[in-house]
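>>> Structure, please.
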Amino acid sequence: MGVAQFEEEAPFDHRVVPLAAVLTRTPHGNLHAGLLYRGENGERCALHLGWQDKLYDRWDFQVLWAAPDAEPELLALAAGHCRLVWAEYQKTRSFPYAFEDRGASFDAEGRLVLSDGAHGMTCATIIVGIFHRAGIVLVQRDTWPIRKELDLKFLESVRNFTPPQHFELLRGEVEAGVQRLHPDEAVAACACELPAAFPAVRSESDALVTRLDGRRRTG
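The predicted structure follows:
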């Protein structure tokens, strides 16, 4: 199993671990996740999806990171795919944010491919998708529950800055019973035995969030 660590205590080093998932709380209080890796010029990069068409490769927040127990060659392959996804976004400036990611995948060029009713990805599922492209299966998605009330509460927190059409798409996904993977769960899965089922991931997620929030209060 992988181990989750605070970067200030155990700095991320791509020469040791080519890729790691990271978790933080934003200034707005939301949990947010991304991927740490080395950029084209050797710089520290963090790929994360902020919202609709808002993909970034920099991260200024305090982070807790975790890398799955996988072959270094596979982690290096996943890191390379982060670079491809970012390069593709630089050309298109387009990346759809949606909860329904079943059928979403990345091709060999870093393009997002949507099929079978998939609408896009989130900051959590882009992590799962990139690892999957490298042959690392993080989670057993069929073990995830439908958490409609919790997901509708999240939607209300983002209503004010979400265009009506996009908001209705997301609400429709929740009302249809999407099995949404939360940001802390994508990172926690990296510290679990893979592929991880929901009960183990949720337990690890609770522990990670407690550690993260405890560090924020004392930091």
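>>> contacts, neighbours, all on C-alpha from now
Noted.
>>> Who's the closest spatial neighbour of the residue nearest to the spatial centre of the chain, skipping the chain neighbours?
Nearest to the mean C-alpha position of the chain, by CA atoms, centre = their mean, lies Ala124 at 2.7 Å. In space, and not counting its chain neighbours, Ala124 is closest to Pro183: 4.6 Å by CA to CA, 6 or more residues apart in numbering.
>>> Leu75 versus that neighbour, what's the distance?
Relative to Leu75, Pro183 is positioned 20 Å away (CA to CA, to the nearest Å).
>>> Flag the shaky bits of the protein, pLDDT-wise.
1, 216-219 (pLDDT under 70).
>>> same thing but at 90, please
Applying pLDDT under 90 to the chain flags residues 1-16, 26-30, 39-44, 59-64, 117, 214-219.
>>> all helices of it, in order?
Taking DSSP state H, the helices of the chain run over residues 72-92, 125-133, 148-158, 164-175, 183-189, 198-218.
>>> could I have the first one exported to CSV, CA atoms only?
Spelled out, it's helix 72-92. The C-alpha coordinates for helix 72-92 follow below in CSV (Å, rounded to 0.1, in the frame of the first residue of the first chain):
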residue,chain,number,x,y,z
PRO,A,72,8.0,3.0,-10.9
GLU,A,73,7.9,2.4,-14.7
LEU,A,74,4.1,2.6,-14.6
LEU,A,75,4.2,5.7,-12.4
ALA,A,76,6.6,7.3,-14.9
LEU,A,77,4.3,6.4,-17.7
ALA,A,78,1.4,8.1,-15.9
ALA,A,79,3.5,11.2,-15.3
GLY,A,80,4.3,11.3,-19.0
HIS,A,81,0.6,11.1,-19.7
CYS,A,82,0.1,14.1,-17.5
ARG,A,83,2.4,16.0,-19.8
LEU,A,84,0.5,14.9,-22.8
VAL,A,85,-2.9,15.9,-21.3
TRP,A,86,-1.5,19.3,-20.4
ALA,A,87,0.0,19.8,-23.9
GLU,A,88,-3.4,18.9,-25.5
TYR,A,89,-5.2,21.4,-23.2
GLN,A,90,-2.7,24.1,-24.3
LYS,A,91,-4.0,23.6,-27.8
THR,A,92,-7.7,23.3,-27.2
